[in-house]
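Visitor: Next comes the sequence, and after it the predicted model I'd like to discuss.
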Amino acid sequence: MKKFQLAAVNSPSIEIECGGVVLSTIKIKNAKKNPNFDTSSMLFDVFLPVEELYTPPLNIRLLDHRSFGVKPLVGTHMIKSLQEYRRDPVAMVQTIREKMLESGFGDAEYAIDMDFADSAVEAAHQPPATSTSSEEGEFKEDVDWWSKYYSSSGNEQLGRVYREKGYENMVVFEEELENYFDNFTDLAQSFPLFHGKRHEDEDLDEDKAVGYFKGTFRVYPLPADGSDPPPRMLKNVPCNQLVEVLVRVYIVKAFELQPQDPNGLSDPYLALKLGRFKVKDRENYVPKNLSPTFGKMFELDGTLPLESELRVQIFDYDLLSGDDLIGETKIDLENRFLSARRGVCGLPKRYYVAGPYKWRDAELPRQILEKWCATQALPPPVWRGNSQVYVNGKTCCLRDYETRGQVHKDWGPPEERLALYTLLDLGLVPEHIETRTLYNPLRPEIPQGKIQIFVDIFPKSATIPPPINITPRAPQDLQLRVIVYNVQDVVLSDTSFTGEKMSDIYVKGWLKGQDKKQKTDVHYRSLNGEGNFNWRYVFPFKYLPAEEVMVIKKKEHFFSLDKHEEKHPVTFVCQIWDNDIFTPDDFLGLLELNLNFMPKANKFAKSVSLDDLPDNEKGKPVPMVSLFDQKNVKGWWPMYEEGGPDQPRELTGALSTKLIAKL
């Protein structure tokens, strides 16, 4: 609330007026300490016309109780149409009961015990038992949270292993989450309050609002014969007390950030603010990057509704001057917490009790389903065994969702799985990542980039599960050991004093992306294109198994303060050269091997041909292998020289070598 008549609004009350009937709330004693009203819901009777066209508006008036009985009118809001708030609870319940009987669910099965022991919730959050099987070891190595992210984002290469194992994707929303769920206003709409008279054709500029009233309305008919009124639809709303919550903010990555430095780049880092709680991750800035991958999780303590606005900011790190704000986004946590759509924690597509994708909500699916029915003023779920449930006029069967007939070893009980499938069909928030647009207050209408995040909200009174690990993958330290044995049939480029063709052969090798090149000694005066070396190279490098790439960190130039990270395919390059003393060395042949997808070696030098290369001119299929699967590969490979624009490749020799990948 903004100040009114130079004084803060500390003791407000609300008047609801419709059709000449006025309903007043009890004043709030101190809005700064608790802005909630003492009563969660109120009702009054009013005569309204049947036709919506003639229905009078509903007026909301905010009064402030001040000294000496002064009650100035601070702001008002007028709802012109009540159509979106009209309900008929009697007809709704009757329809559900009729459909339930038609589906074969008798009244005797209507009641079901939905009480769960706290031990059941705690058991779902316990870490899984360690396993020594090869399947579990391979599982931990191949898939993690980032595997799920890449698969859900449509990255065919990085999400390949995850999809092959049959796991389900989460939803990656291209916009803010509230845009897909009507701003989570099903139980708490925000009505802006304005002061003074307004013309009918004047737009409502919320920047001019003096404050907001959060609430909702339900309009339903009363029986004409004077019988008992229908059940109240807002009797199971959340309590009006302050709620202490733990907010977990997972920040995945940002992209399309606006540059802030003269070099056209930025050094972004994260900052968060929730009420008086502030976090700045300045020491972990990402140098020279407009699309940084953060992989960070922050935990913040808050009290709803006093601290309901979460701000996620991205700053540009500057060494000598003040840091610049690139952009920020704001999230209303209270609406997510109050909504029946459950914006507090996304629901996954499967219920796992172990493994990297285990259940991470504070409540089990059956508990959530029971509470959802109570919030919507619906009858509780009706169960038939653990494979059928009747909810909201629909019968859900477990076999309709698990069509493969196979149960994963990490799945939970069948009734919990069925409750989860039912919740997803009811339109609750799924497991997701939302993409939010960043804005700068100095340029409020110009987007400054986007950020991908998801937020979990847990009341501290509940059993809080452990957080998810979304730390970016750390590369492994590996060595590529290359043993160069022999070369044969190498092209002879020099002529000796006696007129014989000859070459002084040596072999050079390196990993593409690294600057360190190594070479063998020189085999002098080869007259038949043969050279013997028995030489070993050792190339240390950092490797990401899940992405099958090599990670290189290096400075752009000598005066750079920070190293930037690059990812390259692990490609070994080998070349044959002719050593010359007074003239530049002559290039004789080339071989490039992608160590994750390389052609199978030949056993004999005579078998080597250009058809052994995967991009051969004949289009012949070539058997491929991975060095990281086989650990070592030995054999003969063709060395070649690229031709001109209209000339084919030329086979210039054969190389005998052994490749070893070792930790």
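Guide: Noted; the coordinates are in hand. Numbering: from 1, shown residues only.
Visitor: any idea how far the closest residue to P614 other than its chain neighbours is from N616?
Guide: Closest residue to P614 in three dimensions, ignoring its sequence neighbours and counting by Cβ to Cβ, 6 or more residues apart in numbering: V622, at 5.0 Å. Every residue, glycine included, has its C-beta placed from N, CA and C. As judged by Cβ to Cβ, to the nearest Å, V622 and N616 stand 7 Å apart.
Visitor: These two: which has the busier surroundings?
Guide: A direct count of neighbours by other Cβ atoms under 10 Å for V622 and N616 places N616 higher, at 16 against 13.
Visitor: mind listing what that one touches?
Guide: L610, V622 (Cβ atoms under 8 Å, 6 or more residues apart in numbering).
Visitor: and if we set it to 6 Å?
Guide: L610 (Cβ atoms under 6 Å, 6 or more residues apart in numbering).
Visitor: low pLDDT regions in the stretch 451-600 of the chain?
Guide: Scanning the stretch 451-600 of the chain for pLDDT under 70 picks out the ranges 558.
Visitor: buried stuff in stretch 240-260?
Guide: Applying a neighbour-count criterion of 16 or more other Cβ atoms under 10 Å, one finds 243, 245-254, 257-258, 260 buried in stretch 240-260.
Visitor: Okay, and which of the residues you listed map to helices?
Guide: Counted as lying in helices by DSSP state H, out of the buried residues of stretch 240-260, is not a single one.
Visitor: can you tell me which two in these are farthest apart?
Guide: By the measure Cβ to Cβ, V243 and Q260 form the most distant pair in those, at 38.3 Å.
Visitor: Check what contacts the lengthiest strand in the chain and list those residues.
Guide: Identified as the longest strand of the chain according to DSSP state E is strand 443-459. Around strand 443-459, the neighbours that count as contacts under Cβ under 6 Å, 6+ apart are 243, 245-258, 326-327, 337, 344-345, 362, 433, 435-438, 440, 464.
Visitor: still on that earlier bit, check whether the residue nearest to P614 sits in a helix, strand or coil.
Guide: Using DSSP: H, G, I helix; E, B strand; the rest coil, the structure places V622 in coil.
Visitor: so it makes contact with P599?
Guide: Yes: here V622 lies in contact with P599, judged by Cβ atoms under 6 Å, at a distance of 4.9 Å.
Visitor: which residues do these two both contact?
Guide: The contact sets of V622 and P599 overlap at P614 (Cβ under 6 Å, 6+ apart).
Visitor: how about the nearest residue to V143, chain neighbours excluded?
Guide: Ranked by Cβ to Cβ, 6+ apart and with sequence neighbours excluded, the top spatial neighbour of V143 is Y162, at 5.2 Å.
Visitor: picking that back up, direction included, what does the longest strand of the chain pair up with?
Guide: Strand 443-459 sits in its sheet next to strand 243-255 (antiparallel), strand 432-440 (antiparallel), going by DSSP bridges.
Visitor: I'd guess E370 is in a helix, am I close?
Guide: Yes: the assignment for E370 by three-state DSSP puts it in a helix.
Visitor: burial count for it?
Guide: Using other Cβ under 10 Å, E370 has 20 other residues around it.
Visitor: Now find how far off-centre stretch 482-496 is within its chain.
Guide: Taking the mean of its C-alpha atoms, stretch 482-496 sits 53 Å from the chain's own mean (Cα atoms, centre = their mean, to the nearest Å).
Visitor: Please, which helix or strand holds the nearest residue to N486 once chain neighbours are set aside?
Guide: Leaving aside its sequence neighbours, N486 sits nearest to S656 (Cβ to Cβ, 6+ apart; 4.4 Å). Taking DSSP states H and E as the definition, S656 sits inside strand 650-662.
Visitor: Residue ranges in the protein under the pLDDT threshold?
Guide: In the chain (pLDDT under 70), the answer is 93, 96-141, 198-206, 558.
Visitor: quick one, helices of it?
Guide: Per DSSP H, the chain carries helices over the ranges 89-102, 118-124, 134-142, 145-152, 160-164, 333-338, 365-375, 398-401, 414-425, 627-630.
Visitor: Same list as before, the ones you listed that is, but in JSON lines and with distance to S11 included.
Guide: Shown next, in JSON lines, are the helices of the chain (distance: least, Cβ to Cβ, whole Å):
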{"stretch": "helix 89-102", "distance to S11": "35"}
{"stretch": "helix 118-124", "distance to S11": "40"}
{"stretch": "helix 134-142", "distance to S11": "58"}
{"stretch": "helix 145-152", "distance to S11": "48"}
{"stretch": "helix 160-164", "distance to S11": "56"}
{"stretch": "helix 333-338", "distance to S11": "21"}
{"stretch": "helix 365-375", "distance to S11": "30"}
{"stretch": "helix 398-401", "distance to S11": "52"}
{"stretch": "helix 414-425", "distance to S11": "41"}
{"stretch": "helix 627-630", "distance to S11": "69"}
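Visitor: from those, which stretch is densest packed?
Guide: Sort the helices of the chain by mean neighbour count, taking mean count of other Cβ atoms under 10 Å, and helix 333-338 sits at the top with a mean of 24.
Visitor: OK, contacts around the most centrally placed residue in the chain?
Guide: Per Cα atoms, centre = their mean, the C-alpha nearest to the average position across the chain is that of I433, at 3.5 Å. Contacts for I433 (Cβ under 6 Å, 6+ apart) come out as V172, Q452, F454.
Visitor: distance of the first one from I433?
Guide: So that's V172. For V172, the distance to I433 - Cβ to Cβ - is 5 Å.
Visitor: Any idea how many residues pack against the residue nearest to E256 when sequence neighbours are not counted?
Guide: Counting by Cβ to Cβ, 6+ apart, G449 is the residue found nearest to E256 once chain neighbours are left out, at 4.8 Å. G449: 22 surrounding residues under other Cβ under 10 Å.
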